[in-house]
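Trainee: Provide a 3D model corresponding to the input given below.
(chains A, B, C and D)
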2 protein chains.
Amino acid sequence: MVRRPQDERSPGYGNQPTPDLVPGPEVDLRVVLLTREQDRLLVALTGREPCEASAHAIGLPRGRPELRRDLDGTARGIARRATGLSEQYLEQLYSMSVDQSTRGSWKVVIGYMALLSSGPGGSPDVSGVWADVSKLPTVSRIDRSVIDYAVVRLRAKLGYTNIGRYLLPSTFTLRELQSVYETILGQPLDKRNFRRRMMATGILAQTDGQRRDGSHRPAALYQFQVEEDRTTYLTPTWTDSDDTRRT
Amino acid sequence: MVRRPQDERSPGYGNQPTPDLVPGPEVDLRVVLLTREQDRLLVALTGREPCEASAHAIGLPRGRPELRRDLDGTARGIARRATGLSEQYLEQLYSMSVDQSTRGSWKVVIGYMALLSSGPGGSPDVSGVWADVSKLPTVSRIDRSVIDYAVVRLRAKLGYTNIGRYLLPSTFTLRELQSVYETILGQPLDKRNFRRRMMATGILAQTDGQRRDGSHRPAALYQFQVEEDRTTYLTPTWTDSDDTRRT
DNA sequence: TCAAAAGTGTTTGACTTACACCCATGA
DNA sequence: TCATGGGTGTAAGTCAAACACTTTTGA
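Mentor: Numbering: from 1, shown residues only, chains lettered A, B, ... in the order given. Next comes the predicted model:
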């Protein structure tokens, strides 16, 4: 209950050795670009340029912040550069500090997840390879952490959002939608319960299209009716704006 | 299905004007320190030093990354400096880019949430003020966003974790626990249903202590039995380690 | 007519909600 | 004895899970 309005503990930037003069850590963005193909979840990995300070030949598309773009814009640019396409969904994952022991400093790595629908012709092109997330090649520990966490988030968000839609083309069969869920969750789902649950959301609309896929009954094509309500995604929303006034 | 193993799009840092030479954005940490007192959720706000580039007299405790500490450690240091106590729970919220239009650049603001239990003597001390989150004084738009998002996250996590425990002392009555939930959710809860739900988690243990609080029946004191299973918190876990080898 | 995937309902148990009274205590 | 908050149980409804057969089509 006692409250000293101000005391000798220093507020704000503290009293360490004039921190205004130290340069601050580097910021490094890494994007986990995910797509789906034939019941596998694929992540885009690009080659490393020989000069880069990485012990691994391959890793997540990455980049530094660009002066004329905010974080999301930079991440989008990295995704675009890797695939030539714009992603359908982008979400920031987490920022972590990475020790650069040899330099006696560390940097901030900001992870992003981006989802890309597999078009009718299979996986989109990428300047590198699409690797199955369940059979990853050797990548750096950091890249590995970011990829693992992206999958954890994606899996969790399947439960309370319609994030799966961003891995599908605009029209799709219910079986394809179910496959997205099964691929990400890593377990089979009951067809009837799944269809009932999806229908109960009220955002699926049957089109009059059909897909003939073999010597059996064709499947009805569906589409999502409305744009997603982003508030259910529990991602912050703000205007990217100034809160300083001087200089 | 077509995959070019490598093509002319540049991987990695891209071909923009030698980004290795630009200094990169500043990194700025802000901590939403929350505690609970008498059915109000309080956030710690500290005074701004006159030289600081803020238009507001008061705001979230903040700081720059420190060379010998990682992000979480820095956030903990900021919390400690503001309260003199160590927080019970710390979680990174989100990183956002903030336009510093007047400088033609931007910085990265990394938000943290920290929870502090109100001790037996009321709110802990703070070098500043504890403000009711539902009646915030004027703070910067960024601080406001970070605070709002912290409350959103806290509210969401009440649903699937026991995060509320970090706002309580080690022993507490069920009524106090319920009050934590009611304060954060902003709505009253049914006493019987709440108690049943809490008991069903199996992590509450009744102690043989009691609390006499007025001219009525004393309440039994409880405590949480085990340390929290952090995997339910959906926060990434990794070893803070090197992934570079050269220089 | 056969193979293969599409499509369709019901039953059960678990969980959530709403709701009202007695209990122990100090003043 | 009264005022105050602590403590308890049941019934109804909703939601999730398990489960099997018929339909449509091309070969």
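Trainee: okay, CA-based contacts and neighbour counts for the rest of this
Mentor: Noted.
Trainee: can you pull up the bridge partners for the most centrally placed residue in chain A?
Mentor: Nearest to the geometric centre of chain A sits A:Met113, at 1.0 Å (Cα atoms, centre = their mean). Per DSSP bridges, the residues bridged to A:Met113 are A:Val32, A:Glu91.
Trainee: in chain A, which spans are helices?
Mentor: A:71-83, A:141-158, A:174-185, A:191-201 (DSSP state H).
Trainee: Now do the phi/psi pair for A:His56.
Mentor: Main-chain dihedrals, A:His56, degrees, to the nearest 10: phi -110, psi 150.
Trainee: got the contact list for it?
Mentor: Listed by Cα atoms under 8 Å, 6 or more residues apart in numbering or on different chains, the contact partners of A:His56 are A:Arg48, A:Thr138, A:Val139, A:Ser140.
Trainee: Next, work out how far apart the third one and DNA strand D are.
Mentor: Yep, that's A:Val139 we're talking about. Using Cα to the nearest atom of the strand, to the nearest Å, A:Val139 is found at 35 Å from DNA strand D.
Trainee: so who does that residue touch?
Mentor: A:His56, A:Ala57, A:Ile58, A:Gly59.
Trainee: And the second one, by the same measure?
Mentor: When the contact criterion is Cα under 8 Å, 6+ apart, the partners of A:Thr138 are A:His56, A:Ile58.
Trainee: tell me the pLDDT at it?
Mentor: According to the prediction, A:Thr138 has pLDDT 94.
Trainee: what's the answer for A:Ser95, then?
Mentor: You'll see A:Ser95 listed with a pLDDT of 97.
Trainee: And it, how far from A:Val109?
Mentor: Separation of A:Ser95 from A:Val109 (Cα to Cα, to the nearest Å): 6 Å.
Trainee: still on that earlier bit, which one of the contacts of A:His56 is nearest to A:Arg165?
Mentor: A:Val139 (28.3 Å; Cα to Cα).
Trainee: phi, psi of that closest one?
Mentor: phi -130, psi 170.
Trainee: where's it relative to A:Leu93, distance?
Mentor: Separation of A:Val139 from A:Leu93 (Cα to Cα) stands at 19 Å.
Trainee: that older thread, could I get the helices of chain A as TSV with mean pLDDT and mean neighbour count?
Mentor: Below are these laid out as TSV (pLDDT from 0 to 100; neighbours: other Cα atoms under 10 Å in any protein chain shown):
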stretch	mean pLDDT	mean neighbour count
helix A:71-83	94	22
helix A:141-158	97	20
helix A:174-185	97	19
helix A:191-201	97	12
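Trainee: among the ones you listed, which is nearest DNA strand D?
Mentor: Across the helices of chain A, DNA strand D has its closest neighbour in helix A:191-201 (5.0 Å, Cα to the nearest atom of the strand).
Trainee: related to what we said a few turns ago, state the pLDDT value of the residue nearest to the centre of chain A.
Mentor: For A:Met113, the predicted pLDDT is 98.
Trainee: okay, the helices of chain A in a markdown table with distance to B:Leu174 next?
Mentor: Listed next are the helices of chain A as a markdown table, based on distance: least, Cα to Cα, whole Å:
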| stretch | distance to B:Leu174 |
| --- | --- |
| helix A:71-83 | 43 |
| helix A:141-158 | 30 |
| helix A:174-185 | 36 |
| helix A:191-201 | 36 |
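Trainee: re earlier: state the distance from the residue nearest to the centre of chain A to DNA strand C.
Mentor: In terms of Cα to the nearest atom of the strand, A:Met113 sits 29 Å off from DNA strand C.
Trainee: Excluding sequence neighbours, find me the nearest residue to A:Ser170.
Mentor: A:Gln223 (6.0 Å; Cα to Cα, 6 or more residues apart in numbering or on different chains).
Trainee: hey, where'd the strands end up in chain A?
Mentor: A:27-37, A:40-47, A:58-59, A:62-63, A:89-100, A:105-115, A:129-132, A:172-173, A:204-211, A:219-224 (DSSP state E).
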